[in-house]
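Q: any chance you could fold what I've pasted below:
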Amino acid sequence: MKRQTVKAKFRAEYQALKNAVDRCSRKNHPQYMDYGGRGIRVDPEFLCPVTGFTTFLAEVGKKPDPTYTLERICNDEGYVVGNLTWTDRATNMRNRRKPGVVVKDLGWGIGTYVTVDRNGHHKKLKSPIVPLGDRVQTIKHWSIELGVAVPTLVQRIQRGWSPERALTSTIYTPTKAPKPNA
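A: The predicted model follows:
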């Protein structure tokens, strides 16, 4: 009878390490930009073809339950010694980085606008600039003035609409009636 390899005996743990390596090193992986693309790396000790998996297994141990997932304790550090643990999915989901808001320049630059939260604090935010006639304002300001949602205006411009058409077209309801404030 053939002896079972360590990788076969601890298949779930091996798959967790393999998935981490793929996310951090394969540029065509769907999650590469969230991991390898932002500098998250796998410890070189875990990458050794001969001893890497046994080193990983010695570091994190056996998966306590099939529902557990591999977690990095500090989200900004890689899959390195001292930063790995097994946790349930709910705990893992709470250990997330805050998403960064990326403002895309639609061709005329980026501007700022100020909002006031419910506590009265002023917050300076960024928004793409769009010209119409002799006026130039952020897309957020156009949205407020025209009563059209920001994503609608952005999608129109990204689809190649001219600023004039994007900002002045009427939005219709499913019954083909013009929407109010549009």
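Q: can you give me the buried ones in stretch 20-37?
A: Of all the residues in stretch 20-37, those buried under the rule 16 or more other C-beta atoms under 10 Å are 20-24, 29, 32, 35-36. (C-beta placed from N, C-alpha, C; glycine too.)
Q: got the end-to-end distance for that stretch?
A: Its start and end residues considered, stretch 20-37 measures 13 Å (C-alpha to C-alpha, to the nearest Å).
Q: list the ones among the buried residues of stretch 20-37 that fall in helices.
A: With DSSP state H as the criterion, helices contain 20-24 from among the buried residues of stretch 20-37.
Q: so which of these comes closest to Arg41?
A: Taking C-beta to C-beta as the measure, Arg41 lies nearest Cys24 of these, at 5.7 Å.
Q: pull the contacting residues for the closest residue to that closest one other than its chain neighbours.
A: In space, and not counting its chain neighbours, Cys24 is closest to Gly36: 4.2 Å by C-beta to C-beta, 6 or more residues apart in numbering. By C-beta atoms under 8 Å, 6 or more residues apart in numbering, Gly36 lies in contact with 23-27, 29.
Q: and if we set it to 10 Å?
A: 21-27, 29, 42, 78 (C-beta atoms under 10 Å, 6 or more residues apart in numbering).
Q: got it, and Val116?
A: Taking C-beta under 10 Å, 6+ apart as the test, what Val116 contacts is 122-123.
Q: ok, it to Thr138 distance?
A: Look at Val116 and Thr138: by C-beta to C-beta, to the nearest Å, they are 16 Å apart.
Q: with adjacent residues omitted, what lies nearest to Val150?
A: In space, Val150 is closest to Ser143, 4.6 Å off (C-beta to C-beta, 6+ apart).
Q: perfect, I'm done here.
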